[in-house]
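>>> Here is a sequence together with a model predicted from it:
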Amino acid sequence: MLPEVEAWLRGRTSSSEDWPLSWLLAAKEDTTVSVVLPARDEDETVGEIVSAIRRDLMDAVPLVDELVVIDSRSTDDTAARAAAAGARVAAQDEILPDLKPLDGKGEALWKSLAATSGDLLVFVDADLREFDTSFVTGLLGPLFGDPDVVYVKGCYDRPLRDIGNGGGRVTELVARPLLNLHWPLLAGFVQPLAGEYAGRRSALERVPFVTGYGVELGLLIDLLDLYGLDALAQVDLGRRVHSHQSTDALGVMAAQILQTAWSRLGRQDKMIPLHDPSPLLAQFRRGADGHEATVRDVAVAERPPMATVSGYGARTAG
């Protein structure tokens, strides 16, 4: 590991316990905080997460100013349960409606910039179980603690059935090797694909958002390029429990992460591309007549920096 990464690990890694609620409230002053949950068909878990944030960080104390669920075309009761629990629900396709709708989690995250007003944004996945509001307070800590920090990633243990800390298979098999090979300054991030992170609006609105599964990798690489390693931090949030995806779904995720990395390698002049990568992924399952192929489009779309979008409007960043 590079010496500067070892120094970064010592100086920019903390624990959620290092940022007590009383300290955060004193440090908050006039800074506003928006918490965003991107959600698609998460009616089993979204209500509990929203209720906890509303109860502990809005009603009990004035830490969070805005709690928004971006409903990404759910077909279940996600929107109703989120609203009943106390969130403002915004339909993904109704935000910036003059733009052609795109698919993917990154689209919901990008549009949340236009649906919120906080100086700081905290993103929390809506499929978490055993959720604790220390996820939110921990991510806010480094942003309140140092004005030079613009982006904070969560890290945690990820239990997977009966094999202990075995979650994060795409992280270990795809994302971590990519980062160590091509962006070694990011090798210190324990969970580079974590869905729990926070950032200053002033930084997030300056970078593009990949609309699919590559959004977390793209943000990390682009913010490093724009602000440098010392502007990034990570916080140990303890333990993350959520539903796990099938191997086929993980294959699609891995393909989109590879596409995202490819685009950044070319954009940053780290390679000379001699062809365009195929947008198709063939996957196989055994059927009645042998192995049957399913071909999926894994092309990665990208939204431009929100600050450049007409209709976004001025925001005041903290």
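Everything's here; your move. Numbers count the residues shown, from 1 in each chain.

>>> Could you check which helix or strand contains the residue nearest to Leu173 when sequence neighbours are not counted?
The shortest distance from Leu173 to any non-neighbouring residue, by Cβ to Cβ, 6 or more residues apart in numbering, is to Ala254 (7.2 Å). Yep, even glycine has a C-beta here, placed from its N, CA and C like the rest. Per DSSP states H and E, Ala254 falls inside helix 247-267.

>>> any idea of the mean pLDDT in that helix?
Across helix 247-267, the average pLDDT comes to 95.

>>> Go through it and flag the buried ones.
250-265 (16 or more other Cβ atoms under 10 Å).

>>> which residues touch it?
Contact with helix 247-267 is made by 169-170, 173-175, 178, 182, 193, 210, 212-215, 217-218, 221-222, 245, 270-271, 273, 277, 279, 281, 283, 285, 294, 296, 298-300, 302, as judged by Cβ atoms under 8 Å, 6 or more residues apart in numbering.

>>> coming back round to it: out of the buried residues of helix 247-267, which two are the most distant from each other?
The span of these, defined through Cβ to Cβ, is set by Leu250 and Leu265 at 22.2 Å.

>>> what about the helices in the protein?
3-12, 21-28, 46-54, 78-85, 105-115, 134-145, 169-170, 176-182, 201-204, 215-227, 247-267 (DSSP state H).

>>> and for the fifth one, what are the contacting residues?
In this case it means helix 105-115. 34, 36, 38-40, 68, 70, 72, 90, 92, 95-96, 101, 121, 123, 201, 204-205, 209-215, 218, 301, 303, 306, 309, 311-313.

>>> Can you tell me which of these are classed as buried?
Buried, going by 16+ other Cβ under 10 Å: 34, 36, 38-40, 68, 70, 72, 90, 92, 95-96, 121, 123, 201, 204-205, 209-215, 218, 301, 303, 306, 309, out of the contacts of helix 105-115.

>>> Could you list which of these belong to strands?
Taking DSSP state E as the definition of strands, these contribute 34, 36, 38-39, 68, 70, 90, 121, 123, 209-210, 303.

>>> Same list, those, but as JSON lines with distance to Ala26 please.
Converted to JSON lines, these look like this (distance: Cβ to Cβ, whole Å):
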{"residue": "Ser34", "distance to Ala26": "20"}
{"residue": "Val36", "distance to Ala26": "24"}
{"residue": "Pro38", "distance to Ala26": "30"}
{"residue": "Ala39", "distance to Ala26": "32"}
{"residue": "Val68", "distance to Ala26": "25"}
{"residue": "Ile70", "distance to Ala26": "30"}
{"residue": "Ala90", "distance to Ala26": "31"}
{"residue": "Leu121", "distance to Ala26": "21"}
{"residue": "Phe123", "distance to Ala26": "24"}
{"residue": "Phe209", "distance to Ala26": "33"}
{"residue": "Val210", "distance to Ala26": "37"}
{"residue": "Arg303", "distance to Ala26": "36"}
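
>>> Can I get these in CSV including pLDDT?
Below are these laid out as CSV (pLDDT from 0 to 100):
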residue, pLDDT
Ser34, 98
Val36, 98
Pro38, 97
Ala39, 97
Val68, 98
Ile70, 98
Ala90, 98
Leu121, 98
Phe123, 98
Phe209, 98
Val210, 97
Arg303, 98
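
>>> Look up phi and psi at the nearest residue to Ile257 once chain neighbours are set aside.
Leaving aside its sequence neighbours, Ile257 sits nearest to Gly214 (Cβ to Cβ, 6+ apart; 5.0 Å). Phi and psi for Gly214, reported as degrees, to the nearest 10, are phi -80, psi 0.

>>> Format the CA atom coordinates belonging to stretch 169-179 as PDB.
Presented in PDB, the C-alpha positions along stretch 169-179 are these (Å, rounded to 0.1, in the frame of the first residue of the first chain):
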ATOM      1  CA  ARG A 169     -18.600 -10.300  -3.500                       C
ATOM      2  CA  VAL A 170     -18.500  -7.800  -6.300                       C
ATOM      3  CA  THR A 171     -16.300  -5.500  -4.100                       C
ATOM      4  CA  GLU A 172     -13.700  -8.200  -3.600                       C
ATOM      5  CA  LEU A 173     -13.700  -9.800  -7.000                       C
ATOM      6  CA  VAL A 174     -14.100  -6.700  -9.200                       C
ATOM      7  CA  ALA A 175     -14.000  -3.300  -7.600                       C
ATOM      8  CA  ARG A 176     -11.100  -3.700  -5.200                       C
ATOM      9  CA  PRO A 177      -8.700  -5.200  -7.900                       C
ATOM     10  CA  LEU A 178      -9.700  -2.400 -10.300                       C
ATOM     11  CA  LEU A 179      -9.000   0.300  -7.700                       C
END
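
>>> tell me the mean pLDDT over that stretch?
Rounded mean pLDDT across stretch 169-179 is 95.
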